[in-house]
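Visitor: After the sequence you'll find the predicted model.
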Amino acid sequence: MVSHLSLAHRGAPIEAVTPLYERMLAAEARHNRAVDAARAGRDTLLTHLQERETTYDRFIWNLINDHSLAGHR
């Protein structure tokens, strides 16, 4: 085995992403059409990432590694 990535999680990543998830759900709830709701949720996520000058991959990596959760809340 060359490397190993453990995905055993503590509660912190869930707690860190919950406010973002709630904002995404609220944005989606303002729309009647599924396509509009999906776009609103996506746009909320993209805005969150842009405000933090990060990518989705980096955001998720940081959640998994529990290194910089404070910067993504």
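Guide: In hand now; what should we look at? Numbers count the residues shown, from 1 in each chain.

Visitor: C-alpha only now, for contacts and for neighbours.
Guide: Fine.

Visitor: element containing residue 32?
Guide: Using DSSP states H and E, residue 32 sits in no helix or strand.

Visitor: ok, it to residue 61 distance?
Guide: Relative to residue 61, residue 32 is positioned 33 Å away (Cα to Cα, to the nearest Å).

Visitor: Can you list the low-confidence ranges for the chain?
Guide: Scanning the chain with the threshold set as pLDDT under 70 gives 1-11, 66-73.

Visitor: Next, name the residue at the spatial heart of it.
Guide: What sits nearest the mean C-alpha location of the chain, by Cα atoms, centre = their mean, is residue 17, with 5.4 Å.

Visitor: circling back to that earlier point, looking at residue 32 and residue 61, which is more packed in?
Guide: residue 61 (13 against 9; other Cα atoms under 10 Å).

Visitor: and the gap between that one and residue 49?
Guide: 13 Å.

Visitor: now residue 23
Guide: On the measure of Cα to Cα, residue 23 and residue 49 end up 13 Å apart.

Visitor: element containing the residue nearest to the centre of the chain, please.
Guide: helix 12-29.

Visitor: Which elements pack onto that helix?
Guide: Packing partners of helix 12-29 (3 or more Cα pairs under 8 Å, 6 or more residues apart in numbering; DSSP states H and E): helix 34-51, helix 56-65.

Visitor: now could you export just the CA positions of the shortest one as PDB?
Guide: Coordinates of the C-alpha atoms in helix 56-65 are reproduced here as PDB (Å, rounded to 0.1, in the frame of the first residue of the first chain):
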ATOM      1  CA  TYR A  56     -15.300  23.100  -4.100                       C
ATOM      2  CA  ASP A  57     -12.500  20.500  -4.000                       C
ATOM      3  CA  ARG A  58     -10.500  22.500  -1.600                       C
ATOM      4  CA  PHE A  59     -13.500  23.200   0.600                       C
ATOM      5  CA  ILE A  60     -14.400  19.500   0.800                       C
ATOM      6  CA  TRP A  61     -10.700  18.600   1.400                       C
ATOM      7  CA  ASN A  62     -10.500  21.000   4.300                       C
ATOM      8  CA  LEU A  63     -13.700  19.600   5.800                       C
ATOM      9  CA  ILE A  64     -12.400  16.100   5.500                       C
ATOM     10  CA  ASN A  65      -9.000  17.000   7.000                       C
END
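
Visitor: Good, we can wrap up now.
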